[in-house]
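How does the following fold in three dimensions:
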Amino acid sequence: MANDLSTPLTGRKRRNQARAGRFHFPLARLLFAIILLIIGGVALRIVLVEDPDGGRPSQEVAITTTRDNNTVANAAASRPATITADPVQIPAGGATVAVPAPQGGSETLPPGQVPGRFGVLPDLSEETSAGTIPRISGTGLTPFAAYRRPADAALAAGGPMIAIVVTGLGINEQGSLDAIDQLPDEVTLAFAPYGRSLENTVAAARTAGHEVMLEVPLEPFDYPQNDPGPHTMLTGEEPRANLEKLFWLMARFGGYFGVINNMGARFTASAADMAPIMEEFGARGLGYLDDGSSNRSVAAQLAATNRMPFGRANAMVDANPARASILSALASLETQAIQSGSAIGIVSALPISVQAVAEWARELDAKGIALVPVSALMK
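Numbers count the residues shown, from 1 in each chain. From the prediction side, this is the model:
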């Protein structure tokens, strides 16, 4: 201990350095050498080997396909093809439903156009993140003109006319199909956007000759106690938020010529909230039918501003869903049609309402009143 204490500090420092030097391992140099070997190997491979993939098995194939033996698609892929419009077969729940070409003023399809899902024309469709929504074609054809049911004979006759719109279809598949079977072709059918079998029911409706509408849920005064459903458009929200909801709703099915509100007394009374929605409908060539439930609705003024087809219902036919009350309301529609030339009634898809309307419609011609699709009465 005395020796250690008396040894100069410089001497002890040198001995410690010497001791540490005997056990030093050149790790950094070794890693550097490995990296150099890897880089050198890669460089030699690129220089000496012609195929950087190292001889991995590969094969060149044509990008054509014969999936589902689609001869039309294969022909179109290899050369220009002329396609003649014909009813499209859409499978629905194991069955095959024929969808006719959309009915417009000329009842003919543009050259090369084939109806797609729901009988929708590609030129009248726009792909969005929410799905396919309607639009005006490059030639100016609107969904209203393409998908409505013509009523030229009734309009030319100039007599009193009544239009009936049945709402709430699509949610109950069997009930919807029963209504389609019972109702005359001139009755307009409005589908809710929430049905799981919309592909089946909308296709069946258009096959039977009905024109169809989309129901859009709008905020009532007692929301959320009274809730029209998911994606309801609300007052006070940013226009972009409501438009995103609208795009989702519009993409649920296709082939509709216009829309009708589901509830919405608060929303339709707010010009600030309603204006962007009506502008979008007008820009996409759709018509708008106000169900007539609110006297404060600004839809008529906004439709005129956007120069879009518009109509307003005169009565909720089955506000009291009893046969006697329904027939009484239909009689009132007849009186209005005779006095003013036309009338529009809204009916829910209740079985009793559907049956009453179907029976009433059979006797309408004898009274000198024409049953017409609602698009014929939308200005």
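
Which pLDDT value belongs to the closest residue to Tyr147 other than its chain neighbours?
Using Cβ to Cβ, 6 or more residues apart in numbering and skipping the chain neighbours, the partner closest in space to Tyr147 is Phe257 (4.1 Å). Where C-beta positions appear, they are placed from N, C-alpha and C, glycine not excepted. Looking at Phe257, its pLDDT reads 98.

How about the one 3 residues further on?
On the pLDDT scale, Ile260 is placed at 98.

Could you report the neighbour count for it?
Around Ile260 there are 24 other residues, counting by other Cβ atoms under 10 Å.

Okay, buried residues for the helix or strand where Ala146 lies please.
When secondary structure is defined by DSSP states H and E, Ala146 falls within helix 143-147. By neighbour count on 16 or more other Cβ atoms under 10 Å, the buried set for helix 143-147 is Pro143, Phe144, Ala145, Ala146, Tyr147.

Can you list the strands that the helix or strand hosting Glu127 pairs with?
Assigned by DSSP H and E, Glu127 belongs to strand 125-128. Sheet pairing for strand 125-128, assigned by DSSP bridges, gives strand 131-134 (antiparallel).

Contacts for the partner strand, please.
By Cβ atoms under 8 Å, 6 or more residues apart in numbering, the residues outside strand 131-134 that reach it are 117, 120, 124-126, 143, 247-248, 250-252, 254, 256, 284-286.

Find the centremost residue of the protein, please.
Central residue of the chain (Cα atoms, centre = their mean): Ala251, 0.9 Å from the mean position.

picking up where we left off before, got the CA positions of the helix holding Ala146 in PDB?
Once side chains and other backbone atoms are set aside, the C-alpha atoms of helix 143-147 remain, and they are given as PDB (Å, rounded to 0.1, in the frame of the first residue of the first chain):
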ATOM      1  CA  PRO A 143     -81.200  11.300 -65.300                       C
ATOM      2  CA  PHE A 144     -84.700  12.900 -65.100                       C
ATOM      3  CA  ALA A 145     -85.100  12.600 -68.800                       C
ATOM      4  CA  ALA A 146     -83.500   9.200 -69.200                       C
ATOM      5  CA  TYR A 147     -85.200   7.300 -66.300                       C
END
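
so for that helix, what's the average pLDDT?
Per-region confidence: helix 143-147 scores 97 on mean pLDDT.

Only the buried subset of the contacts of strand 131-134, as a PyMOL command please.
With 16+ other Cβ under 10 Å as the criterion, this PyMOL line picks the buried residues out of the contacts of strand 131-134:
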select buried, resi 117+120+124+125+143+247+248+250+251+252+254+256+284+285+286
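
Closest to Arg135 out of the contacts of strand 131-134?
Nearest to Arg135 out of the contacts of strand 131-134 is Glu126 (Cβ to Cβ; 4.3 Å).

Enumerate every residue touching the closest residue to that closest one other than its chain neighbours.
Counting by Cβ to Cβ, 6+ apart, the nearest residue to Glu126 once its immediate chain neighbours are dropped is Arg135, at 4.3 Å. Taking Cβ under 8 Å, 6+ apart as the definition of contact, the neighbours of Arg135 are Leu124, Ser125, Glu126, Pro143, Arg284, Gly285.
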